[in-house]
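Asks: Return atomic coordinates for the entry below.
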Amino acid sequence: MPAECYTLTMQFEGQHDDEEVLFYFRQHPVVLRRSLIVWLSATLAGMLAAWSVITVDPARLKLGLLAAAAGFIVGLLWLLYKAAIWYFSMYIVTDQRIIQDQKQGLFKRQVIEIDLEKIQSVNYEIPGMQAALFKFGTIIVQTFVGDLVVDFVHRPANIHNQLTTILRSYSDFEPN
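Replies: Numbering: from 1, shown residues only. From the prediction side, this is the model:
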């Protein structure tokens, strides 16, 4: 079992009485890189503001330190907000369906579910050098009505293998 998948017994909202959670996974933490850049940029902006205040009037050291701290804290709050959204967004694979539970802000939530018998194929892609270095990629679950595309999955080959193994054991699924 790969490290990015979790198999502990869990309950989730909307779970059927006879449904068993097989595993769940999240996107790779690399999705937080932009939020990390925002945090670093806000910290740098606060430091530049502090430097400009202190160079103009050295007696305003407290104001400069306040500007530096404000930049750091605002950026850190943004990073923590995005990290919480990442943490609470997950993909749950049960013995009956695949569920995409995406948080999109503090109050918005999107849940998509696909019954296992409606799945035609499961594919994965590693889109480039950065993805190969950080070991992330895209999983594509194809159904009759459309595709579920999961970007930035850690070790997509392992997730793909787990999904196809589950599909084979619960249906007459034949991989492409």
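Asks: hey, what's the residue nearest the centre of the chain bridged with?
Replies: Among the residues of the chain, the one closest to the centroid is Gln27, at 3.2 Å (C-alpha atoms, centre = their mean). Beta-bridge partners for Gln27, by DSSP bridges, are Val153.
Asks: Pull the contacting residues for it.
Replies: Trp86, Ser89, Phe136, Val150, Asp151, Phe152, Val153, His154 (C-beta atoms under 8 Å, 6 or more residues apart in numbering). Where C-beta positions appear, they are placed from N, C-alpha and C, glycine not excepted.
Asks: so which of the residues you listed comes closest to Thr43?
Replies: Nearest to Thr43 out of those is Trp86 (C-beta to C-beta; 20.4 Å).
Asks: Ramachandran coordinates for the closest one?
Replies: The phi/psi pair for Trp86 (degrees, to the nearest 10) reads phi -60, psi -50.
Asks: And Ser52, by the same measure?
Replies: Here is the backbone geometry of Ser52 (degrees, to the nearest 10): phi -70, psi -40.
Asks: And the residue lying farthest from the centre of the chain, how far from Val53?
Replies: Distance from the C-alpha centroid of the chain, by C-alpha atoms, centre = their mean, peaks at Ala59 (45.8 Å). For Ala59, the distance to Val53 (C-beta to C-beta, to the nearest Å) stands at 10 Å.
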